[in-house]
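# Sharing a model that was predicted from the sequence below.
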Amino acid sequence: MEQITSEKLWAWGKPFLPVLLTWFIPKLTQTYHKIRNPPAKLRALRSPLTKTHALVILLLLATAALQLAYAYSRHYENVVLLTGSRMQTSGSVVMSRLKKIRAVAAGMNPKDYQLSDREEAFFKVYQTDKGRALYTVFGPDVLADCKWCHPESQSSYFLYSIPNAVAAYVINLLVTGIATSSSISFQANSWRKTVLYISFFLLTLDLLRINSQTGLENLTRPNNKVEWYFQILPVWRAQILAGMDVILGICMFLSTTGRLFHTPEPLFPRVTKWSNQLKTAGDRAKAAIMIKRSVLKHPELAAQEVDFFDKFKAKELEIASNEKIQQSRESAIQRTNMNQARADLTSFYDNAVNM
């Protein structure tokens, strides 16, 4: 498969750049002016950012920050640089140098020191030129842990490394799935399909980039020119996912506050909701009618119903004739009227000041 590099991507995309810019720049300025001077329809939809939406946006920004922090702080042991070797140095020499470094660190004689089984398995692959080239692409862990892979078959190492690449996208999809849940709001949920499609597109591009790297060009380069893909690609992946989370947070802020990208709620769910409410009301009315008919059919139940309502009315009269209850009711009404008068007076003064 042909190797995909940033230079080739630029060469492929350069002819489309003028067309893209002629569409993108007017669209960008139009969007900016729409945010600064929204039309009356959008201005009417504006609302403050709720606590739920604020927490969701903070979750997206925190996820982006954690992804970048993990990618930049993760340590990858590079046996070539650790042993002061070059890509042209044979695997046996690199192994002997690494054994000496490990022995000195452990305070042992290099002749008595033995490398671990993982390191032995790694150097079996690293002995060949193809193995050293694959090392720059997949790193030491994949070469040491894959038992069924072979240096002559790069696709086997690629298949073994797929879960490691997919894991970052799956974790990010879980976070964005929470952020775009329908329980948050309809506006947040309207971004779910877009996020899903973009994530699958980026994952496909990431896997194609991994599969296209052979690492053979690194065999003749000095150390300062070698591209250590197993260190570069995770950082590139974290940058892409973090950028997507930040952009999603901005878009959700604009749409949930009614500033831009506001999607009107479709009529069908609302009609369905009203239909369910009417159905529930009809079921309750039907149940009440059935109970009434059954009561009328049985004289004992009818007598019990009459007796119940007679007692209920007598209790109401007893409560209404109680002076203490009447006084409490009147004082409660007076307090309510006083509170309403105070609220009206405050509103009047606020309006007078703001005029």
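Here it is on my side, so go on. Numbering: from 1, shown residues only.

# Residue ranges of each domain in the chain, please.
Domain assignment for the chain, taken from automatic domain parsing, gives 72-256, 323-355.

# most packed of those domains?
By mean neighbour count, with neighbours taken as mean count of other Cβ atoms under 10 Å, domain 72-256 ranks first of the domains of the chain at a mean of 16. Where you see a C-beta, it was placed from the backbone N, CA and C, and this is true even at glycine.

# can you tell me the distance between the two ends of it?
33 Å (Cα to Cα, to the nearest Å).

# ok, back up a step: can you tell me which of the domains of the chain has the worst average pLDDT?
The minimum mean pLDDT among those belongs to domain 323-355 (a mean of 69).

# just to revisit the earlier point, which of the domains of the chain sits closest to Asp310?
Closest approach to Asp310 among those (Cβ to Cβ): domain 323-355, 20.9 Å.

# Do a quick rundown of the helices in the stretch 201-350 of the chain.
Counting by DSSP state H, counting those that start in this stretch, residue ranges of the helices within the stretch 201-350 of the chain are 229-256, 267-297, 299-320, 323-354.

# Oops, could you answer that again for the stretch 1-150 of the chain instead?
Using DSSP H, counting those that start in this stretch, helices in the stretch 1-150 of the chain cover 6-13, 17-36, 40-45, 51-73, 79-82, 91-106, 117-126, 129-145.

# Once you drop chain neighbours, what's closest to the most centrally placed residue in the chain?
The residue lying closest to the centre of the chain (Cα atoms, centre = their mean) is Thr176, at 2.0 Å. Excluding its sequence neighbours, the residue lying closest to Thr176 (Cβ to Cβ, 6 or more residues apart in numbering) is Val195, at 4.8 Å.

# Wait, the one you found touches Thr180, no?
Yes - Val195 lies in contact with Thr180 (Cβ atoms under 8 Å); the separation is 6.2 Å.

# any idea how far Ala242 is from Asn339?
51 Å (Cβ to Cβ, to the nearest Å).

# which residues does the closest residue to Ala121 other than its chain neighbours contact?
In space, and not counting its chain neighbours, Ala121 is closest to Ala144: 5.0 Å by Cβ to Cβ, 6+ apart. Contact partners of Ala144, counting by Cβ atoms under 8 Å, 6 or more residues apart in numbering, are 118-119, 121-122, 125.

# how about those residues in CSV, adding distance to Leu248?
Compiled in CSV, these are given as follows (distance: Cβ to Cβ, whole Å):
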residue, distance to Leu248
Arg118, 39
Glu119, 42
Ala121, 41
Phe122, 39
Val125, 40
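
# Among these, which one sits closest to Ser96?
Glu119 (12.2 Å).

# okay but the closest one is in contact with Leu98, surely?
Yes - using Cβ under 8 Å, Glu119 is in contact with Leu98, at 7.4 Å.

# What separation do you get for the residue nearest to Ala121 and Val166?
Taking Cβ to Cβ, one finds Ala144 at 20 Å from Val166.

# With Arg209 instead?
Relative to Val166, Arg209 is positioned 14 Å away (Cβ to Cβ).

# go on, Ala242?
In terms of Cβ to Cβ, Ala242 sits 17 Å off from Val166.

# Then Lys324?
73 Å.

# before we move on, what about Val175?
15 Å.

# And for Leu219?
Leu219 is 29 Å from Val166, by Cβ to Cβ.

# quick revisit: between the helices of the stretch 201-350 of the chain, which gets nearest to Pro110?
Closest among the helices of the stretch 201-350 of the chain, using Cβ to Cβ: helix 229-256, at 27.6 Å.

# and the angle from the closest one to helix 51-73?
170 degrees (axes from the mean of the first three to the mean of the last three Cα atoms, to 10 degrees).

# List the residues that contact the residue lying farthest from the centre of the chain.
The centre of the chain is farthest from one residue, Pro299, which by Cα atoms, centre = their mean lies 64.7 Å away. Going by Cβ under 8 Å, 6+ apart, Pro299 touches no other residue.
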